[in-house]
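# prediction below, plus the sequence it came from.
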Amino acid sequence: SQQGEEDPQALSIQEGENATMNCSYKTSINNLQWYRQNSGRGLVHLILIRSNEREKHSGRLRVTLDTSKKSSSLLITASRAADTASYFCATALGTSGSRLTFGEGTQLTVNP
Amino acid sequence: DTGVSQDPRHKITKRGQNVTFRCDPISEHNRLYWYRQTLGQGPEFLTYFQNEAQLEKSRLLSDRFSAERPKGSFSTLEIQRTEQGDSAMYLCASSLAAQGYGGYTFGSGTRLTVV
C-alpha cells in the first residue's frame, strides 16, 4: 500500500477559492514533499517540509506537517484555472532519505 | 541543460519485445531515480543511482528489468520480454545529494504501451 494517502481523491472548486488537500502517512519520515502533475506530464516539485518543521509557505502555497498525527496538508490560496492538476504528497524515509514514496494523489479541478 | 530529458516520449511495442528508455539528468545532479506510474496512481519507486552506482532496487524491478548509468551521467532502463502489465509511464528524476534531502526534478516521462 502507499505510504502517503491523499484526501480527497478529487476536488472541484471555483477560481478564487482556496483548495485544501490532506496527506496521511504511516512511518517516521525525514521530510515530506508535495508535487504537481499536469495530465500526461512529469511531476513538478512544489515544496518540501522537514520533520522538525510545522508550517512552510511558498507564494500561494501553505504546507503544514503534524508528525504526531502523521499528516500534512497543502493549501492553495486564491486558486486559478492553471492550478488544475493532480497533487501528490511524497515522503522521504529513514536516514538515507533518497527514496520517495508517493501517495495516490488528489485531482484538483479549478473552474473558471 | 534546463531539465531532465527522457527519450522516447512514447513507445508502443508488441508483447515479448525488448525496449530501452534513456534519461539525461540535470548535469550537476549526482542522483538519478526511475519510477513507474500507472493511470490514476502515484509514482512507484523502481531504482536509484548515486553517480554510477546503483544503490537501491525495488522488488518491483523483476529480473526482466535492468538499469544502468555507466558513466554517472545518462541512464538507461531496459525491459526484456515485455508484458501487458508493463504498460505505464516511466519517469526519471534527478537530484543533488549535496543539497541534502531536497526535491527531485522529474522528466516528462516515457509512456510505454504493450500490445
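That came in fine, so what should we check first?
# and stretch A:47-63, what's buried?
Neighbour counts over stretch A:47-63 (16 or more other CB atoms under 10 Å in any protein chain shown) mark A:Ile47, A:Leu48, A:Ile49, A:Arg50, A:Leu61, A:Arg62, A:Val63 as buried. Placement of C-beta: from N, CA and C, glycine included.
# now narrow the residues you listed to whatever sits close to chain B.
Among those, the residues lying close to chain B (CB under 8 Å from any CB of the partner chain) are A:Leu48, A:Arg50.
# which of the buried residues of stretch A:47-63 sits closest to chain B?
A:Leu48 (5.4 Å; CB to the nearest CB).
# which residues touch the residue nearest to A:Arg99 when sequence neighbours are not counted?
Nearest residue to A:Arg99, sequence neighbours excluded (CB to CB, 6 or more residues apart in numbering or on different chains): B:Phe45, at 5.1 Å. B:Phe45 sits next to A:Arg99, A:Leu100, A:Thr101, B:Tyr33, B:Tyr35, B:Ser58, B:Leu60 when contact means CB atoms under 8 Å, 6 or more residues apart in numbering or on different chains.
# which single one of those residues is nearest to B:Thr105?
Nearest to B:Thr105 among the contacts of B:Phe45: B:Tyr33, at 10.1 Å, using CB to CB.
# any idea how far the closest one is from chain A?
8 Å (CB to the nearest CB, to the nearest Å).
# okay, and the beta partners of that residue?
With DSSP bridges as the criterion, B:Tyr33 is bridged to B:Tyr48, B:Ala93.
# so what pLDDT did it get?
At B:Tyr33, the pLDDT value in this model is 94.
# same thing with the one 4 residues further on?
B:Gln37 carries a pLDDT value of 96.
# which element, helix or strand, includes the residue nearest to A:Arg99?
strand B:44-50 (DSSP states H and E).
# how about that strand as PDB, C-alpha atoms only?
Taking Å, rounded to 0.1, in the frame of the first residue of the first chain, the C-alpha atoms of strand B:44-50 are listed here in PDB:
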ATOM      1  CA  GLU B  44       6.300   3.800  -7.600                       C
ATOM      2  CA  PHE B  45      10.000   3.700  -7.000                       C
ATOM      3  CA  LEU B  46      12.000   1.300  -9.100                       C
ATOM      4  CA  THR B  47      15.700   2.100  -8.600                       C
ATOM      5  CA  TYR B  48      18.200   4.900  -8.000                       C
ATOM      6  CA  PHE B  49      21.800   5.600  -8.700                       C
ATOM      7  CA  GLN B  50      24.300   7.800  -7.000                       C
END
